[in-house]
Structure formats: structure tokens, C-alpha cells
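> Give the three-dimensional model of this entry:
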Amino acid sequence: MAFAIERAARLGLDAPWPRDAVTVCSFGDASANHSTAAGAVNAAVNCGYQGLPLPLLLVCEDNGIGISVRTAPGWIRAAYGSRPGLAYFHADGCDLADAHAAAARAADWVRERRRPAFLHLRTVRLMGHAGSDVESAYRTSAEMAADLERDPLLRTARLLVDRGVATAEDVVGLYEAKRAEVMALAESVAGAPRLASAAQVMAPLRSTARGGGAVAAEGEPVTLAQAVNRTLGDLLDERPGMLVFGEDVARKGGVYGVTRGLMRRAGAARVFDTILDEQSVLGLALGFGTAGMLPVPEIQYLAYLHNAADQIRGEAATLPFFSSGRYRNPMVVRIAGYAYQKGFGGHFHNDNAVAALRDIPGLVIASPARPDDAAGMLRACADAAGRDGRVCVMLEPIALYHVRDLHEDGDGGWLAPAGGTVPIGRARTYGDGGDLTVVTFANGLRMSLRAARRLEAGGVRCRVLDLRWLAPLPVEDLLREARATGAVLVADETRRTGGVSEGVLTALADAGFEGRAARVTSEDSFIPLGDAASHVLLSEAAIEDAARALLTSRR
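Model (predicted):
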């Protein structure tokens, strides 16, 4: 958020906060040890080191304990008190005058210098961490009594009386007046209507995306990578508040050249490189989205997402849910993923694990295979994020980025124009065969189309359904194409456990599909290097064999 305030001012965008605003982040001494805190502080200090303005005031309320785990005495000062690039302020948080004076100095320092600062307030914890936390199980009576003696409310009352600002009776009167106010509010809330159904609970997760049918793309045929590149460029031209950022996306133009030329086109303030920390990449997106901009962060590989997935699961996707839609964190997260790369691999760069994304309520997951779909789906995600505050993920198949041909070398069958629109939650059908429906997505689409051609030569008439959207799953299209043939084979390049096929088959069963259904998937394995990968990944041959087996079983 601190970065977004300054970047919005630099770009001349309207922002909800004044130009000299300061972002305040408060946390406890135990939370100061969390990897997200360490990463965030590192990112803030790194920005300051580069001369980038970042008006962030970090406030640590240090009571020396996290649930029942004690913080080592002096640890917070040792860890943050002398860190280069991070101004340090300290005060007794139980002393109103001391705390106010230190807070004012810290806030003024951040406001004037536009650099991060750390305000360390030594305070107490009264009572247990939660109702079920019996404090006496791990703290002595003397320790608890000492904290009660330092109660900041009582110390403030003593201060007011000692300085002649108020009498003891005045303080008690204020206390009782506030008690009455709180009790009145509590009674009002207690009588408010309760959420009475699953539909009411899930209302903030409902899609409000509008849109008609698909609009075909026009123009010269391009590859998938070129389609994404051109669409990003067009969206940057159309949306002044859109930003593209991540590791290697700016000067280099991405590992696979997908963002090449965008920094020259839109400027370094809107297309920029970040530090190599996915938590910070998505954390920046959270701030930009809350500030009213449209962030399009890139996660370089799907395997790199997992250490930062909670930025989507626990922050972006939950903000509109728990605020009943009052607040939102719109973003379009581009992730290069899946397997089948040639000459470059290992499980850090080839990853087919999508379960961590598929079970996040309300998340839109796009998984394009063809260039025209990639362009139209990226635009649909940008529209849903910018207009409706949706959190969207684009899973882009690396192995298809630069593919040009479908069946034979030089046929250009995988090239298509970039443009058009693709409605969220709608699939795409290839062919009208009446014997078998092959349901697939991403790399599986190309493999399935190639397999379908060979099956057709053997007398098996297929139609291939490209899901395109993994969430929301295009159930209506799935059921239509399944019932058209009465036989469904799900060709799923993700893992057998936690993969996409589980959701597809469940959708068929839930809808009472009476035909035959089977699936062929990749194995429950990490993806090894070299040719060994072929032993655990979905293949065209496996799709053909599974199709014949399914049709034979029908007889």
C-alpha cells in the first residue's frame, strides 16, 4: 500500500488517500518472526536502498509473548533496532505520553522522508490469548500481576488525575459512559439478522461478471506468447492504472519473452522488475488493488507460487468475503506453468500441481491453450478484476508459448489471431464426432486433438472439449458435450490426486450423467529431468489407449 500511494502519485492517478499519506502496519512481537513479516520488511528496506519512496510505519506491540511462547528478551530491538535503512523508534506503550511522543516522531519522520520506520512499543498482554487459553498454565501469578499493574488504561487514568486534567470521579464517569455505549451497541448487534443460508454466506463470492458470447479474434496469426504480449500491451494502453511487474518482466521481457517490449511501451513506472520474492510480488499486488489500480503480477513458474499462495488464499480472496464486498483486492496473476518443456526442467520449472488454487472460493482460474483464447481470456480477467474486483489467475502453459504447428511441421495449425473476447466459465468445442467426448485443457488440448485425428483414422469419431476455465468450471458446456456422445474421457495433464479430472467427473456425477466416463492423467509424481518425465506425464499414446479402452468397455 505504501508503494502504491507513491506510484499512484507518480502516474498522476486518482487515489483514495492524500499525497502525504503514511501507511501503518501493526503486529506483535511473535508475528515479527513470521516469514511474511521478514520478507515485507526486507522489501521495504530494499526499496529505500534503491531510492524508491515508501512511506511505511511498522508498529510492533511487544508484550513479550506469543500465545504461550515467550519472545527472547531484547530480541525485537536486536533484530530491528539497528537495521540499515530502517529508522527505529522506541517507547513504553503503557505510558500514554511517551507512546504519543514517539509515535508522533516516527510518523513525522516517515511522512517527511517517505522512508520506512519501525516503532517499537513495549506493552503488556492482559488475560490469555483466547478464551480457551488458560494463562496460568505457562505464566506465574507474579508475572500476571505485574502486567495488571502496568495496564495502560489505569496508567492513563493516573496520569490524568496526577496532572490535574481530570478528577477520579471524572475518570470513572468516562469509563462508565463508554461501558454503556458499548453495551448499547452490543444489544443492537445482538438483535441484528443472522446469516440464515449458504447462499447468504457465499453472496460475496458470487460472480458479478457480465458479458455476452465470445467475439472472434481478427488479424495475423500469432503464437500464444505473442498473443499474451500483444494483449498486455493493448490493456496497458487502455487502462492507465494497470501495472505489470514481477521477476525479470521488465528489461529482460520475461524468461520466455512474453513481456518483451512492454516497459518501453508503457514506461518503467508501470512495467517493472521486483526482488526475487513471490510473497513480495503478490503483496505489492494486494496494495495496488486496494489502492484502486489493476495489478497484473507475474509468478515466474507455478512451483514458485506455493511459498506465497497465502497472499491469494488468506488475503486477496478473503478480503471481499469477510467484508461482505466492502473491500476488495482485484488482480490478475499470470503464472507460467505445467510441464512438457524441452531441454529445461526439473520440478522447480515443470509443475502440474493446481490443487492449491482450485479450492480457493471465488477465485477465477483461466487456463488457455490457444493464442486466440489466451488473448480473450486475459482480457476477460482484466475486465472482471477491474470492474468487479475479482481475483483472477492465468495459468499459461509454457510448452505452448512458442508452438506454431498442430499435426505436421509447418502446418501453422496452432497459430491464431490475438484479440476477441472469451466469456468467463465457457468452454470451447472442436469437432462434432458422435462416439466420444474428450474433455481436456492446456497442453492436453493439443495432445487430444492430435490423438483424436489418429482415432478418427481408425473409425472413432471424437469431439474435443477445451475447458479453458478451471474455475468456475464450465459445467453447462461439459454436460452438453458429454450427453452428445454418451462417453467421456477426461485427458488431464495434472496429477491423478488433486488434479482437474476429479472436479470434472464429480460434476458429471452430480448432474446425473448416465453415460460412461473415465479419466487418463499424469501420475502422482514430481516431474523429473529429461526423458524420465515421459514416464509420469500424460501422453498422446495414453489418451488413445484410454479412449479405445473406454469405447471397448461400452460394448
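> Please tell me I have it right and Val438 contacts Ala487.
No. Taking CB atoms under 8 Å as the definition, Val438 is not a contact partner of Ala487, at 9.6 Å. For the C-beta atoms, the positions are set from N, CA and C on the backbone; glycine is no exception.
> With neighbour numbers in mind, choose between the two.
Taking other CB atoms under 10 Å, Val438 and Ala487 do not tie; Val438 has more neighbours (32 against 21).
> Was I right to think Gln311 contacts Leu282?
Yes. Counting by CB under 8 Å, Gln311 touches Leu282, with 3.6 Å between them.
> With adjacent residues omitted, what lies nearest to Ala442?
Leaving aside its chain neighbours, Ala442 sits nearest to Pro397 (4.5 Å; criterion: CB to CB, 6 or more residues apart in numbering).
> make that Ala266, sorry
If you skip the residues right next to it in sequence, Ala266 has Leu236 as its closest partner in space, 4.2 Å away by CB to CB, 6+ apart.
> which residues sit in contact with that neighbour?
Applying CB atoms under 8 Å, 6 or more residues apart in numbering to Leu236 gives the contacts 242, 244, 262, 265-266, 270-271.
> Restricted to helices, list those.
Among the contacts of Leu236, DSSP state H puts 262, 265-266 in helices.
> now those: which count as buried?
262, 266 (16 or more other CB atoms under 10 Å).
> Sort out which one of the ones in helices among the contacts of Leu236 lies nearest Asp277 for me.
Of all those, Asp277 sits closest to Leu262, with 21.4 Å by CB to CB.
> What strand or helix carries Ile527?
Following DSSP states H and E, one finds Ile527 outside all helices and strands.
> The residue lying closest to it once chain neighbours are set aside and Gly512: what is the separation?
In space, and not counting its chain neighbours, Ile527 is closest to Asn350: 4.2 Å by CB to CB, 6+ apart. Using CB to CB, to the nearest Å, Asn350 is found at 37 Å from Gly512.
> that older thread, distance-wise, check the residue nearest to Ala266 relative to Gly219.
Between Leu236 and Gly219 the computed distance is 18 Å (CB to CB).
> tell me what the helix or strand hosting Ala101 is packed against?
Take DSSP H and E as the rule and Ala101 turns out to sit in helix 96-113. Here helix 96-113 is seen to pack against strand 56-62, strand 87-92, strand 117-122, helix 152-162 when contacts are counted using 3 or more CB pairs under 8 Å, 6 or more residues apart in numbering; DSSP states H and E.
> So which bits of the longest one are buried?
By neighbour count, and taking 16+ other CB under 10 Å as the criterion, the buried residues in helix 152-162 are 152, 155-157, 160.
> tell me the angle of it relative to strand 87-92?
70 degrees (axes from the mean of the first three to the mean of the last three CA atoms, to 10 degrees).
> can you give me the offset of helix 152-162 from its chain's centre?
Between the centre of helix 152-162 and the centre of its chain there are 45 Å (CA atoms, centre = their mean, to the nearest Å).
> Helix 152-162 and the helix or strand following it, what's the angle between them?
On the C-terminal side of helix 152-162, the nearest following helix or strand under DSSP H and E is helix 168-190. Put simply, helix 168-190 runs at 150 degrees to helix 152-162, going by the same axes, to 10 degrees.
> quick one on the thing from earlier: which positions in the helix holding Ala101 come out as buried?
In helix 96-113, counting by 16+ other CB under 10 Å, buried: 96, 99, 102-103, 106-107, 109-110.
> Mean pLDDT and distance to Ser367 added to the helices and strands packed on helix 96-113, as a markdown table?
Formatted as a markdown table, the helices and strands packed on helix 96-113 follow (pLDDT from 0 to 100; distance: least, CB to CB, whole Å):
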| stretch | mean pLDDT | distance to Ser367 |
| --- | --- | --- |
| strand 56-62 | 98 | 36 |
| strand 87-92 | 98 | 45 |
| strand 117-122 | 98 | 42 |
| helix 152-162 | 94 | 53 |
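> Understood, closing this out.
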